[in-house]
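Novice: quick one: sequence and predicted model below, then my questions.
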Number of protein chains: 2
Amino acid sequence: MVTNAPPDRLALGLDLGASHMAAALVDGAGTLQGWRQRPVDRALGPQAILGQATELLRNILAGFPERARSVVGVGLGLPGLVDRARNCLLFAPNLAWRDFPVGEWIAAALGLPVRSDNDVRLATLAEWLFGAGRGCSDLLGVWIGTGVGGGMVIGGRLFRGPGDSAGEIGHLTVAEDGPPCSCGSRGCLEAAVAGPALAAGGRALLLQAATGGFASPLGDLCGGDPGRATARLLAIAAARGDRGAREVLARAGRYLGIALAGYCNICNPERIVIGGGVAGAGEYLLEPARREIALRAMPVPRQMVRIVPSQLGGSAVVVGAGALVLGEY
Amino acid sequence: MVTNAPPDRLALGLDLGASHMAAALVDGAGTLQGWRQRPVDRALGPQAILGQATELLRNILAGFPERARSVVGVGLGLPGLVDRARNCLLFAPNLAWRDFPVGEWIAAALGLPVRSDNDVRLATLAEWLFGAGRGCSDLLGVWIGTGVGGGMVIGGRLFRGPGDSAGEIGHLTVAEDGPPCSCGSRGCLEAAVAGPALAAGGRALLLQAATGGFASPLGDLCGGDPGRATARLLAIAAARGDRGAREVLARAGRYLGIALAGYCNICNPERIVIGGGVAGAGEYLLEPARREIALRAMPVPRQMVRIVPSQLGGSAVVVGAGALVLGEY
């Protein structure tokens, strides 16, 4: 239970992403009911997309007419920088929205109070309360997809930082002269391990193989077109024994380990939860990361920390968004 | 004031270092009285050194006979890994002590309760309460000397981590294939910016100059002997216009900036206080660090953070040790 409030209280949780949205009713035990999802076409712009989100939420409520009075609010997980006081999405690079009053829209449309936060932070909250981070006082959540985001629990509390921007482990430098990052820096963890970096690694691998005339599982999966390489196909190829694909993932995993070892030395967490699409590569990524942590973390944090995969997967943001409404975080 | 306790309460604060100890009476406003210090000869071993510490503390008390009854305890700043519950120094690399019950010794000798913590953490506590970190809720203290230590204030509280080992920014990787570090890893901040790294940089500079037959301010300061190069002499040479010395410091400052930018992105601090002997190089170190932070930190933490020199300098550990006894940290 996330609150001492009556156990019949419910919240709507919405995960609004750049390519996809999902929502459900969430209760104080983190249980979901009425899950619905749909694709997002970012070309439609904020008004139309929020219209679709409102419809999705209304449809969920309509499925539980007897419980509508128990729904105390809507939690929003937003893909970018959030002004929580105003429930505004200040900047969402993948949606190309700037300073849009998402919360006001949803609140007006549904007549319910709204709370919002960054999606990755809410996914971390969910894992902490109900998933792979349960029982920890100090936790890092790392979400690896198109970018790399992080959420922090410090001393038994969700930690946001005085400027509400803590947790950006994706922009820790892991290679001082590494490739440019979307943030303007270079050699960030994100530039080494996020989806586009792995796709580029797969592409380079296939171009190299083409020059040498080699066949490979990754090549088969991409139908011979290097441009079709993705992190997901790399992981499948690795599982089919593709040594080149395993090496690309291992190199990324090594950089992930450098970043996580740094976090361990600074914050001494009990657990690090790894989620997001790229985390589907599993041990091909995590095993080299663990090896690097063994080399680079100090004895106390190294012995304490466990690196574990997300348990809530694609529902983590929805669960966290609901928990934000039901509890005080 | 660090507590709501009567303002006439006092504590003894002891800074026990590997080459030097210092102590004083500390009040709730962080004011020092009866400051005494002496060198430490680590070859004497723990019993003899703690005998000297006890004598130092007794002499301070003897100077204030009318206030002896106001002294409520002794705070110890210890140079290594501390078991705070047992007031044991678990491991002090520079003193070569292991699992020594320092607190028991001092408590028995003086008949006063004892509290202890890592020296760098107490220096950070002191800067937060009374020095360059006053008024912050989120602060990093970085102490650069023979090694690099860090102390953290997170969300308005001194943060130690669940394994009591948080704050080891000195062992954040800043150069993935950099030089070996005393911790067993490589490319740590400590291996790039601590005293021995700067001395090695100065040595390399002088050997190079000797080959080329160049004179330099650093060469004059070292009397032509590269083996005498130190961080302190590098800083003096830089101030006298030595371009080589400035470059060595700038390179170290760049790595300091990479580490601090990482900390900013993860923890979003309001202030970073830089202290320790090497920090005497001042802007020759800090200006390149600030430049790197401008490149590598995300907009919100970058605009929020200020990088400032320590205000309490060599008295920070004594002040923090006293505060530990007078307050709840």
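Specialist: That came through fine. Numbering: from 1, shown residues only, chains lettered A, B, ... in the order given.

Novice: how far does stretch A:105-122 stretch from one end to the other?
Specialist: Start-to-end span of stretch A:105-122 (CA to CA, to the nearest Å) is 20 Å.

Novice: can it be found next to chain B?
Specialist: No - figure legend: stretch A:105-122 not in contact with chain B (CB under 8 Å from any CB of the partner chain); closest approach 11.8 Å. From N, CA and C alone the C-beta is placed, and that goes for glycine too.

Novice: shaky segments in chain A?
Specialist: A:1-7 (pLDDT under 70).

Novice: which stretches of it form helices?
Specialist: Counting by DSSP state H, the segments of chain A that form helices are A:45-62, A:102-110, A:119-130, A:189-193, A:195-212, A:217-221, A:231-239, A:243-267, A:283-296, A:299-304, A:316-326.

Novice: could those go into a markdown table alongside mean neighbour count?
Specialist: Formatted as a markdown table, those follow (neighbours: other CB atoms under 10 Å in any protein chain shown):
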| stretch | mean neighbour count |
| --- | --- |
| helix A:45-62 | 16 |
| helix A:102-110 | 18 |
| helix A:119-130 | 29 |
| helix A:189-193 | 28 |
| helix A:195-212 | 18 |
| helix A:217-221 | 20 |
| helix A:231-239 | 22 |
| helix A:243-267 | 25 |
| helix A:283-296 | 20 |
| helix A:299-304 | 18 |
| helix A:316-326 | 30 |
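
Novice: how far away is the residue most central in space within chain A from chain B?
Specialist: Centroid-nearest residue in chain A: A:W143, 3.6 Å away (criterion: CA atoms, centre = their mean). To chain B, A:W143 is 15 Å away according to CB to the nearest CB, to the nearest Å.

Novice: ok, now which ones touch A:M152?
Specialist: By CB atoms under 8 Å, 6 or more residues apart in numbering or on different chains, the residues touching A:M152 are A:124, A:139-141, A:158-159, A:166-167, A:267, B:266.

Novice: what sits against the nearest residue to A:G161 once chain neighbours are set aside?
Specialist: Nearest residue to A:G161, sequence neighbours excluded (CB to CB, 6 or more residues apart in numbering or on different chains): B:N268, at 3.0 Å. Going by CB under 8 Å, 6+ apart, B:N268 touches A:160-166, B:138, B:300-301, B:304.

Novice: ramachandran angles for B:N268?
Specialist: With angles defined as degrees, to the nearest 10, B:N268 sits at phi 50, psi 50.

Novice: so A:P196 is in contact with A:T146, correct?
Specialist: Yes - if you go by CB atoms under 8 Å, A:P196 and A:T146 touch, sitting 6.9 Å apart.

Novice: got any residues that touch both of these two?
Specialist: Between them, A:P196 and A:T146 share no contacting residue under CB under 8 Å, 6+ apart.

Novice: related to what we said a few turns ago, distance of the residue nearest to A:G161 relative to B:L139?
Specialist: According to CB to CB, to the nearest Å, B:N268 and B:L139 sit 11 Å apart.

Novice: before we move on, what about A:A18?
Specialist: From A:A18 over to B:L139 the distance is 35 Å, taken as CB to CB.

Novice: now A:L112
Specialist: Counting by CB to CB, the gap from A:L112 to B:L139 is 39 Å.

Novice: do the same with A:A126
Specialist: Distance from A:A126 to B:L139, by CB to CB: 30 Å.

Novice: what do you get for A:P113?
Specialist: 34 Å.

Novice: neighbour count winner among those two?
Specialist: Between A:P113 and B:L139, counting by other CB atoms under 10 Å in any protein chain shown, B:L139 is the more crowded of the two (28 against 15).

Novice: hmm, B:G133 and the more buried one touching each other?
Specialist: Yes - using CB under 8 Å, B:L139 is in contact with B:G133, at 4.4 Å.

Novice: any shared contact partners between the two?
Specialist: In contact with both B:L139 and B:G133: B:124, B:127, B:153, B:271, B:273, using CB under 8 Å, 6+ apart.

Novice: adding distance to A:R84, write the residues you listed out as CSV.
Specialist: Output for those, formatted as CSV (distance: CB to CB, whole Å):
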residue, distance to A:R84
B:T124, 29
B:E127, 30
B:V153, 22
B:R271, 23
B:V273, 29
